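Peer 1: sequence first, then the predicted structure:
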Amino acid sequence: MLERVALEDRSARDGQGQDGGPGAATGARPRRGQWRDAGELLVDKRFRRFFLGYATSLIGSSMAPVAMTFAVLDSGASATDLGLVFASGVVSTIVFLVAGGVLADRVPRRAVMVGADLVSATAQFVFAALVFTGTAELWSMALLAAVRGGASAFYQPALAAMPADLVAGDQLQRANSFLALAKAVPEVAGPAVAGVLVAVGGSGVVLVTDGASYLVSAVFLAGVRVPSRTGGARRRLLTDLREGWTEFRSRRWLWVGVVQLALWNLVVVAPFLVLGPVIARSDLGGASAWGAIAAAQGAGAVLAGVVLLRLHIRRTLLVIAFLQLAWVGVLVLLASRAPLSLIVAAAFAVGFSTGAFNALWRTTEQRLVPQAVLSRVSAYELLGAYALGPVGLALAGPVSEAVGIATLLLAAAGWQVLSSAAILLLPEVRSIRLERAS
């Protein structure tokens, strides 16, 4: 009942609603002129500026982890110290996410994103200066990673809601598909380019490049003109937090999905990220094999973005539940030490699944959650998604030593099957449709 009310509320704004009538499609519905419709999004000046700003920042961000890794290790720090630097960024994001959601619902989201870009640029420029001068120390690198992580905590809830400020409801899937493409393409080439730049000019060069990409992004975003959101009088922080939490927990498909996402990061993604490189090194040929697997994931995500520009998916939650089963294949193949070619193909399917998930989940959220609270709801969602990830990364190694790598990966595959089956038991997952204007 809550889902029907929520959808009807958004229908009043978007001129759309659930399609329960005769002859309703159950999945994708291709139409003539989809490529032209997709291109019209980039013709729109506001969305084009937003897209270019987001895409530009990701070019630098895709290279930054490589640069930060070698900057930390070249300073004489250990692998444990490297983990602490990256963990400081994740913890900072978790701590500030909810505050970021509140701010993005109170002030123009564009302004929040511009501010976050400027903070991130400053952090990376300072990091680069420390590297160039040879004065980088563990505490300073961890602090700068925390600053950047905090900026991300404000950027992400604003980003999650921004498309709903810019495009009509029936264009949201395409908008999110463009954003998924902007994320996927740099993930394929960024690390490789970063490796070359680090080898030629050092980590500082890549950090400067990342900082510059944030500045360019801020310039693009500053030019995006979004109508002001009207609201009531400014309220206390706790009131805003409660309102966002009420909207979040009142939608069963949303909070159950976030619980599944949190456990997925704990049980599936963390073992894959930690144990996949171990298997690649011992049985598949080393770092180049893992690079091929990662590149295949990125390529799959690119294809997902292209496909979703063409197809309109109505039953988004149902499609997501089935797409997540792609993880079963790559986990089983890694556990069985299958040939690299098969694992790369399975990783491609995982990349397609992940790219489609990101676009379809975000579209569903933007269509079914009131725009006035969308950033707060997204913040709670992101908080839940991040919460167990660090725990999984910390436990994957010790647990695999106790039960065996293959056993842990097969258990992760089994959990994926059970969790996908469980999510399909929700009536909302099977019934919610995002209708498209004719």
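Peer 2: Yes, it's here.
Peer 1: may I see the buried residues of whichever helix or strand residue 61 is part of?
Peer 2: Secondary structure from DSSP states H and E places residue 61 in helix 45-74. Across helix 45-74, burial judged by 16 or more other Cβ atoms under 10 Å covers 46-72. Where C-beta positions appear, they are placed from N, C-alpha and C, glycine not excepted.
Peer 1: what does stretch 378-396 give?
Peer 2: Across stretch 378-396, burial judged by 16+ other Cβ under 10 Å covers 378-390, 392-393, 395-396.
Peer 1: strands - which of those land there?
Peer 2: Secondary structure defined by DSSP state E assigns none of the buried residues of stretch 378-396 to strands.
Peer 1: following the helix holding residue 61, which helix or strand comes up?
Peer 2: Next in sequence after helix 45-74, counting helices and strands by DSSP H and E, comes helix 79-106.
Peer 1: and the helix or strand immediately after that following helix in the chain, what does it pack onto?
Peer 2: Downstream of helix 79-106, the next assigned helix or strand under DSSP H and E is helix 109-133. If you count contacts as 3 or more Cβ pairs under 8 Å, 6 or more residues apart in numbering; DSSP states H and E, helix 109-133 packs onto helix 45-74, helix 79-106, helix 138-166, helix 203-222.
Peer 1: one step back: relative to helix 203-222, how tilted is the helix holding residue 61?
Peer 2: Per axes from the mean of the first three to the mean of the last three Cα atoms, to 10 degrees, the angle that helix 45-74 makes with helix 203-222 is 160 degrees.
Peer 1: model confidence over helix 45-74, on average?
Peer 2: On average, the pLDDT along helix 45-74 is 81.
Peer 1: and the angle from that helix to helix 138-166?
Peer 2: Put simply, helix 45-74 runs at 160 degrees to helix 138-166, going by the same axes, to 10 degrees.
Peer 1: the buried residues of stretch 378-396 in helices, which ones?
Peer 2: Per DSSP state H, helices hold the following members of the buried residues of stretch 378-396: 378-387, 389-390, 392-393, 395-396.
Peer 1: so which of the residues you listed comes closest to residue 264?
Peer 2: residue 385 (8.6 Å; Cβ to Cβ).
Peer 1: list the contacts of the closest one.
Peer 2: The neighbours of residue 385, taking Cβ atoms under 8 Å, 6 or more residues apart in numbering as the test, are 258, 261-262, 265.
Peer 1: determine which two of the residues you listed are furthest apart.
Peer 2: Based on Cβ to Cβ, the longest span within those runs between 258 and 265 and measures 10.7 Å.
Peer 1: lowest mean pLDDT among the helices and strands of the chain, which one is it?
Peer 2: helix 2-14 (a mean of 34; mean pLDDT, DSSP states H and E).
Peer 1: remind me which residues of the stretch 251-400 of the chain are low pLDDT?
Peer 2: Where the stretch 251-400 of the chain drops to pLDDT under 70, the residues are 287-288.
Peer 1: can you pull up the most central residue in this structure?
Peer 2: Residue closest to the average C-alpha location in the chain (Cα atoms, centre = their mean): residue 358, at 6.3 Å.
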